[in-house]
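Participant: Any chance you can model this:
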Amino acid sequence: MKLRRNRGPLVLALVCVLGGVMLLALPHDGRVLRTAVAVGGVLLGGVALIGALRPFRFAIGPEGLDVRRPGLQRTIRWDEIDALALDQPPRREGRLSSPRLLAVPAAGVTLGLPPTAHHPVDGRAAVELLDLEQVRDRPEEVAAALTRFAGDRFVDVPQRRRAAFGAEDFPVGLRGYRTDVVDQLIRRGQDALVWGGTLERQGTRSEIEQARAAGLPVAQRGYAVGPVDDALSALCAALADERSADRRTSS
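Facilitator: As a prediction, the model looks like this:
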């Protein structure tokens, strides 16, 4: 499977460059601000344009991963990878972040990029191979190809979390719970349901209950209180349900 590059940044870069050039070409009376804006648009657009035009290739196949991107241009064989994970960073101000593909090299293997991340399951140092914001393919399609070719070394972390506990997209409004605090609590609960044992689930449940008893912090704009309270109550109930451990073990 060859992933298709996202051309959105290229279009935006061209708009910035052309917009800046047009501002410079129009008759003006020497206004410094307009000239500065025009020059800034050309420069920023030019930098973005250079990045968007750099060679890019990312293919998933039976031999491994064929990668052509800044800092890494090689085919990575499957036996050079000990573990692969599709992970999703925490939300930013309530907005979903794009998933990223992380690789843990096999012993004695150097992939060519510094380990700037950690495997979300066991914490081992990992290399970020791809930010899925760079491609047009859906995360589900990428995960299906990796499952097919990478086998047991690959784990789709967002899918596992959603299967364990499907957190809704909470409405955002005035005087709601701080989004980062709520997201962190829900993610900890999901991870405990997916990978934790009895002690981990009990500890995470206690952490959530203590945070709620102390009062979740409120922001000028945050998640609506009612839906969050309902979700955290459901999450605590799931963490207390011993059958969740049976389902996790048998899955």
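Participant: quick one, phi/psi of residue 156?
Facilitator: Residue 156 adopts backbone torsions of phi -90, psi 90, taken as degrees, to the nearest 10.
Participant: what's the burial count for it?
Facilitator: Applying other CB atoms under 10 Å, we find 22 residues neighbouring residue 156. All C-beta atoms are positioned from the backbone trio N, CA, C, and that covers glycine.
Participant: do the same with residue 232
Facilitator: Per other CB under 10 Å, the neighbour tally for residue 232 reads 21.
Participant: Off-centre distance for stretch 203-214?
Facilitator: 26 Å (CA atoms, centre = their mean, to the nearest Å).
Participant: ugh, wrong one, I meant stretch 230-239
Facilitator: Taking CA atoms, centre = their mean, the mean C-alpha location of stretch 230-239 is offset from the chain mean by 24 Å.
Participant: buried ones in it?
Facilitator: Across stretch 230-239, burial judged by 16 or more other CB atoms under 10 Å covers 231-232, 235-236, 238-239.
Participant: Filter the residues you listed down to the ones in helices?
Facilitator: Among the buried residues of stretch 230-239, the ones falling in helices (DSSP state H) are 231-232, 235-236, 238-239.
Participant: Turn the residues you listed into JSON lines, including pLDDT.
Facilitator: Formatted as JSON lines, these follow (pLDDT from 0 to 100):
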{"residue": "231", "pLDDT": "95"}
{"residue": "232", "pLDDT": "96"}
{"residue": "235", "pLDDT": "96"}
{"residue": "236", "pLDDT": "96"}
{"residue": "238", "pLDDT": "95"}
{"residue": "239", "pLDDT": "95"}
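Participant: what's near enough to touch the residue lying closest to residue 132 once chain neighbours are set aside?
Facilitator: Nearest residue to residue 132 in three dimensions, chain neighbours excluded: residue 99, at 4.7 Å (CB to CB, 6 or more residues apart in numbering). The contact partners of residue 99, by CB atoms under 8 Å, 6 or more residues apart in numbering, come to 86-88, 132, 139, 158.
Participant: do residue 119 as well
Facilitator: Residues in contact with residue 119 (CB under 8 Å, 6+ apart) are 83, 85, 102, 104, 125-126.
Participant: Please repeat the previous calculation with a cut-off of 10 Å.
Facilitator: Residue 119 makes contacts with 82-85, 87, 102-104, 125-126, 155, 157, as judged by CB atoms under 10 Å, 6 or more residues apart in numbering.
Participant: just those residues now: which is nearest residue 164?
Facilitator: Ranked by distance to residue 164 (CB to CB), the contacts of residue 119 are led by residue 157 at 10.7 Å.
Participant: quick one, strands of the stretch 101-250 of the chain?
Facilitator: 117-118, 125-131, 154-156, 172-177, 218-223 (DSSP state E, counting those that start in this stretch).
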